[in-house]
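# from the sequence below, what's the structure:
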Amino acid sequence: MKLSEEAKPVSERMLNLVAPPTAKVVSVSLELEVRRGDGERALTDGEWGRVVLRAPSIRLRSDSGEVMEHAASDGKAFTTRDLAAAIEKSERKGRESGRWLGGVDVHHVFFEGVLPDSDGVWAICWGS
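Residues are numbered from 1 along each chain as shown. Reported below is the predicted structural model:
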């Protein structure tokens, strides 16, 4: 995530970063990789093109609570690449309106997946 202003440590004793209240989100990119006990590797072209959701659209909820609907590029299903792009768009918008310690949340940035909520919206899950 790139911001208009640099994030700073919360304190000298913590590793957590906090964005200034006036900082704006400039860009968001989701970097996916395959992790195994012996390390990690980049996704292959085949993995990027793999269908991961057979649905014409998906509604995603960011941590801020904002919901965005995204259409599958072929109108039928989402590939890994399509879903990653939808998550990036949702987070670009959602992070801007959310607040963590007074600014954009720059601490919860480890993608943990998407989970379906009871209302049919998929929650984007982040860890720190």
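# can you list the buried residues in stretch 115-128?
Buried positions in stretch 115-128, judged by neighbour count with 16 or more other C-beta atoms under 10 Å: 121-124, 126. Just so you know, the C-beta spots here come from the backbone N, C-alpha and C atoms, and that holds for glycine as well.
# again, but for stretch 37-47
Neighbour counts over stretch 37-47 (16+ other C-beta under 10 Å) mark Leu43 as buried.
# mean confidence (pLDDT) on it, please.
What stretch 37-47 shows for mean pLDDT is 94.
# can I get it as PDB, trimmed to CA atoms?
Taking C-alpha atoms only, stretch 37-47 is exported to PDB below (Å, rounded to 0.1, in the frame of the first residue of the first chain):
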ATOM      1  CA  GLY A  37       7.000 -25.500   5.000                       C
ATOM      2  CA  ASP A  38      10.200 -25.200   2.900                       C
ATOM      3  CA  GLY A  39       9.600 -21.600   1.700                       C
ATOM      4  CA  GLU A  40       7.500 -19.700  -0.800                       C
ATOM      5  CA  ARG A  41       7.200 -19.200  -4.500                       C
ATOM      6  CA  ALA A  42       5.500 -17.000  -7.000                       C
ATOM      7  CA  LEU A  43       2.200 -18.200  -8.500                       C
ATOM      8  CA  THR A  44       2.500 -19.800 -11.900                       C
ATOM      9  CA  ASP A  45       0.600 -18.500 -15.000                       C
ATOM     10  CA  GLY A  46      -1.700 -21.500 -14.600                       C
ATOM     11  CA  GLU A  47      -2.500 -20.600 -10.900                       C
END
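# renumber starting at 18 from here on
Sure thing, new numbering starts at 18, so read that last one as stretch 54-64.
# neighbouring contacts of that stretch?
Identification of contacts with stretch 54-64 by C-beta atoms under 8 Å, 6 or more residues apart in numbering yields 49-51, 97.
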